[in-house]
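K.L.:
fold the stuff below for me.
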Amino acid sequence: MSAVVEMTPEPRRNRPVAAASPIDIVQNALKSGNVEMYREAVALFKELEGMAARKAFDNAMADAKARIPVIRKNRRVGFDHKSGGDRTEYSHEDMAEIARTVDPILSDVGLSYRFRVASPLNAPVSVTCVLSHRDGHFEETTLTAGRDDSGKKNAIQQVGSTITYLQRYTLKAALGLAAAQDDDGRGSEQEAEPETYTPPPGSITQKQVDFIREALEEKGASVTAFLQWAKVPRIESIPAGRYAACVNAIANFKKA
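P.N.:
Numbers count the residues shown, from 1 in each chain. The predicted structure is shown next:
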């Protein structure tokens, strides 16, 4: 007599379900024939794609900032004041030095930059630095300044000088670059400042402070006069919301 063995089926295990990709969502919506569902799926796809591109951009920026060294100030310039007094001298990094330093690093992490220039007749010059990542996300930094009529420049040279100036500063601002310290161009008023200071809440960052200091140096402008114009006791005290206005104002200063 043979025995009959009954097989008990194994309990069904929960298997992980693969999440649908954004393109799968769009394709399924298209197959459904529901126009509204398709529109929502496309909007979701674009949003997710944009988030991924922004994340890739931020990661590339973090990698680049970790590798970009302090930019060397390779140019020394000076000028005499029309009103007399001590000669102003300062050092700065030219566009070629900035590009030589950052271009290989940016290319390695998938970043690139380009400039958009606007110079309407009898109007200030505007330069926009467009910083882009290969995955599609980009950010823009714009500065505007009057034509540089210092020296004996003709009209074309005035525009060219301003464009070069704004290209350097928009790129530095976009990347958050710092230049090597140079105390020769700084006034005694800065050296007299205490070593420690706690800015009020909502003030600009230290990188923005350094950026404003360097811009004032390059223009040969008085820090004291600038602070009086800005109505703040120190550069570190400038509210974050006024940073762009201050940078644009300095860009429009005329060298003495």
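K.L.:
from here on, just use CA atoms for contacts and neighbour counts.
P.N.:
Will do.
K.L.:
and Y243, how far from S203?
P.N.:
Separation of Y243 from S203 (C-alpha to C-alpha, to the nearest Å): 9 Å.
K.L.:
what of Y113?
P.N.:
28 Å.
K.L.:
need the contact list for the most centrally placed residue in the chain.
P.N.:
Nearest residue to the geometric centre of the chain (C-alpha atoms, centre = their mean): A174, 1.5 Å. Applying C-alpha atoms under 8 Å, 6 or more residues apart in numbering, we find A174 in contact with C129, L131, E140, T141.
K.L.:
that one should be in a helix, yeah?
P.N.:
Yes. With DSSP: H, G, I helix; E, B strand; the rest coil as the criterion, A174 is assigned to a helix.
K.L.:
and the pLDDT for it?
P.N.:
pLDDT recorded at A174 is 91.
K.L.:
residue boundaries of the helices in the stretch 151-256 of the chain?
P.N.:
In the stretch 151-256 of the chain, the segments counted as helices under DSSP state H, counting those that start in this stretch are 155-175, 188-191, 206-219, 223-230, 243-251.
K.L.:
can you redo those helices as TSV with distance to I71?
P.N.:
Listed next are the helices of the stretch 151-256 of the chain as TSV, based on distance: least, C-alpha to C-alpha, whole Å:
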stretch	distance to I71
helix 155-175	10
helix 188-191	22
helix 206-219	12
helix 223-230	23
helix 243-251	20
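K.L.:
by mean pLDDT, show me the worst of these.
P.N.:
Across these, helix 188-191 gives the lowest mean pLDDT, at a mean of 34.
K.L.:
buried residues, whatever helix or strand M51 lives in. List them.
P.N.:
Using DSSP states H and E, M51 maps to helix 35-67. Along helix 35-67, these residues count as buried under the neighbour rule (16 or more other C-alpha atoms under 10 Å): 37-38, 41-42, 44-45, 49, 53-54, 56-57, 60-61, 64-65.
K.L.:
and those residues, which is closest to V232?
P.N.:
Ranked by distance to V232 (C-alpha to C-alpha), those are led by K65 at 30.4 Å.
K.L.:
if I look at the closest one, how far off is V209?
P.N.:
From K65 over to V209 (counting by C-alpha to C-alpha), the distance is 18 Å.
K.L.:
residue ranges with poor pLDDT in the stretch 51-200 of the chain?
P.N.:
Applying pLDDT under 70 to the stretch 51-200 of the chain picks out residues 76-91, 150-151, 178-197.
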